[in-house]
Each structure stands twice: as C-alpha cells, then as structure tokens.
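**Student:** let's see this in three dimensions:
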Amino acid sequence: MQEFTSQYLYPLLDLRNYNLFSLGNANITPLSILYVVLLLILLAFISRKLKRVLIVRLLKRTKLDIGAQEAIGTIARYVILVIGFLIIIQSVGIDLTTLNVLAGALGVGIGFGLQNIASNFISGLIILLERPIKVGDRVEVDDVYGDVISIGARSATIKTNDNIAIIVPNSKFISENVVNWSYVGDVVRFRIPVGVAYDTDIDLVCELLMEVAKMDQHVLDEPPPAVRLIKFGDSSLNFELWVWTRSRLNRPGPFKSGLNFAILRAFRANNIEIPFPQRDVNFRSGHISIKDDALEDESSPIKDTSPSDDA
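**Tutor:** All right, here's what the predicted structure looks like:
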C-alpha cells in the first residue's frame, strides 16, 4: 500500500500544483483552473437564482409590467456575473492589469470572427435599456409573428400561435423593421375588407356591417367601429369594416374569421352579392358567325369564322 501511495498517489497530488503557465505574478495550475471553473458554474447558478428571487419576491409587488421586471432582473444578473467574475479572477492571484493582453486578443477575435456574437450581445443590452420590445409583447419581425417570452444576451424567444418557439437574434430587433402590436397599448384596430356588386344598396351594406361589428363580443364600443368605402374596383365596390379589440390581440386569425363568417351570413340573408371578377369584351371591328349547316348536321363540329380583313 505504501509503495502504491508513493508511486502513484503522491505524483498525482503533486500534479495539482504543477505550474502550467504564469499570468503576471500568478502561477496557473490544474488545481487553480478547476477552482475557477467550479466557482464560475456556482456563480452562474447563484446569479440565475437571484434574478428569480428579485423578480418574484420584490418586483412582482411593484406596479412595473412584466417586461420591465424581466429587463431589471436580467441587467441585475449581468452585473452580478461581471462582479463575481472579477472577484474569482482576483481570488486565484491574477492581477487584472495582466488581462490587457487577453482583452486585446479578444478584440482582434471580435474583429475577425465574432462580430455577430458581439452585435447580438450589444443589441440585447440596447433592448433591455431602451425597451423597444419587452417580454409579453406581440411582435412581428422578419416573417415571424408571436409573443416575446424571453430576452437573453444573444437572442429573444418568440412563441407563435402554433405553440412553436422561434429563436430570433437580438440584432434583428435593432436593424430590421419591427412591428410591435403592444408598444402603445393593448387596443388594436383591425380592417376587414369586403366587396359588393355595383347595384347593391350601399346604405344596407353599411347597416349590416355595423350590426355584425356590434354583435361580436370582442369588438370594443370605444373606439366605435366604422365602415369605409375604400375603392371603386373593377368588379365591385370595396368596403372596409374597421373594428377595435383588446381581447383578441393574440388571436387575430380566429377574430377575423369570425367576422368574415358573420358578414357572409348577413349578406346572404339579405341577398347581397359578393361578385366574381367581371370583364366586358368589345369587338372593335368584324363579326363572329356560326354557319347554319353546322346546326343542321349534328355530326358536324361547330366552326367559328374569323373576321375578314375587309370587314
């Protein structure tokens, strides 16, 4: 046993303090690296727990909306991570001034290959500070439409109505045009287009559209619904029903579909035609005729005679 200890265990214990390299006045050993890694994992765990405690125990009692609570919690976690990292580095004897070379190398790396990561991280900080979007908002960006459920250091998570989570880089919200349905409030106006035949009683159309709007429980009385004649189309008079809603902001598809069903039923009950596209064909010269003998002989195909040049 003593031979095993002297031959294997002591060299293994000595390996803990083996000097891998020096960073300033500090000697970096396997034990110090393990120490730093374990403390960083513990720091990440503690910072996440403190963020939850801050939001659930303190910020929930304030009048701040959920987006502001998440933003404050995330920024507080970043501060804890930075301060904790500096303390851990100094606890192993590394002088922060010796990290200047490492910072310069990191800057070169960002310049060559980490632009997207740096851009998304900085964009995440801008989003948390300026709050153009926040957790709980209904947004539309780059053909992605849904609710923001989280904003991280690199990306934001958007949950669609199909219950699909889509990860969107933070830089998209800074460089792209973003539609935020919740930015100025939770009341949104929807426009429901409909076309009717030209000989339709337009007063009846307006009356029916207003009745449909008032019958829908999700349509607000204030601001009131309205009907607008938008355009004289090729085949129809094009109207729009304007309605405001608060409860169907996150379910625009079913809301529009319900109104369209109600409009169609009201129009059919009152014999109002929704026309197909129509075209008038005029012949400037010539004529089209069908020979009589083609009609007499059922076995003969009907022949069209093209207009003559001298007609």
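**Student:** ends of stretch 129-136, what's the gap?
**Tutor:** 16 Å (Cα to Cα, to the nearest Å).
**Student:** quick one: buried residues of that stretch?
**Tutor:** Arg131, Ile133, Lys134, Val135 (16 or more other Cβ atoms under 10 Å). Glycine gets a C-beta too; all of them are placed from N, C-alpha and C.
**Student:** checking the last one next. Helix, strand or coil?
**Tutor:** Three states are possible here, and by DSSP: H, G, I helix; E, B strand; the rest coil the one that applies to Val135 is coil.
**Student:** which secondary structure elements does the strand or helix carrying Leu31 contact?
**Tutor:** Leu31 belongs to helix 30-53 when assigned by DSSP states H and E. Applying 3 or more Cβ pairs under 8 Å, 6 or more residues apart in numbering; DSSP states H and E, one finds that helix 30-53 contacts helix 10-16, helix 66-91.
**Student:** let's have those helices in TSV, adding mean neighbour count and mean pLDDT.
**Tutor:** Shown next, in TSV, are the helices and strands packed on helix 30-53 (neighbours: other Cβ atoms under 10 Å; pLDDT from 0 to 100):
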stretch	mean neighbour count	mean pLDDT
helix 10-16	10	56
helix 66-91	16	83
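**Student:** and the gap between Leu208 and Gly258?
**Tutor:** 15 Å (Cβ to Cβ, to the nearest Å).
**Student:** which one of the two has more residues nearby?
**Tutor:** Between Leu208 and Gly258, Leu208 has the larger neighbour count (other Cβ atoms under 10 Å), namely 23 against 16.
**Student:** related to what we said a few turns ago, just the CA coordinates for the helix holding Leu31, please, in PDB.
**Tutor:** Taking Å, rounded to 0.1, in the frame of the first residue of the first chain, the C-alpha atoms of helix 30-53 are listed here in PDB:
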ATOM      1  CA  PRO A  30      -4.600  22.400 -12.700                       C
ATOM      2  CA  LEU A  31      -6.000  23.000  -9.200                       C
ATOM      3  CA  SER A  32      -6.500  26.700  -9.800                       C
ATOM      4  CA  ILE A  33      -8.200  26.100 -13.200                       C
ATOM      5  CA  LEU A  34     -10.500  23.600 -11.500                       C
ATOM      6  CA  TYR A  35     -11.200  26.100  -8.700                       C
ATOM      7  CA  VAL A  36     -12.100  28.800 -11.300                       C
ATOM      8  CA  VAL A  37     -14.300  26.500 -13.300                       C
ATOM      9  CA  LEU A  38     -16.300  25.400 -10.300                       C
ATOM     10  CA  LEU A  39     -16.700  28.900  -9.000                       C
ATOM     11  CA  LEU A  40     -17.900  30.100 -12.400                       C
ATOM     12  CA  ILE A  41     -20.500  27.400 -12.500                       C
ATOM     13  CA  LEU A  42     -21.600  28.300  -9.000                       C
ATOM     14  CA  LEU A  43     -21.700  32.000 -10.000                       C
ATOM     15  CA  ALA A  44     -23.900  31.300 -12.900                       C
ATOM     16  CA  PHE A  45     -26.300  29.200 -10.800                       C
ATOM     17  CA  ILE A  46     -26.400  31.800  -8.000                       C
ATOM     18  CA  SER A  47     -27.000  34.700 -10.400                       C
ATOM     19  CA  ARG A  48     -29.900  32.900 -12.100                       C
ATOM     20  CA  LYS A  49     -31.500  32.200  -8.700                       C
ATOM     21  CA  LEU A  50     -31.000  35.800  -7.500                       C
ATOM     22  CA  LYS A  51     -32.700  37.000 -10.700                       C
ATOM     23  CA  ARG A  52     -35.700  34.900 -10.000                       C
ATOM     24  CA  VAL A  53     -35.800  36.000  -6.400                       C
END
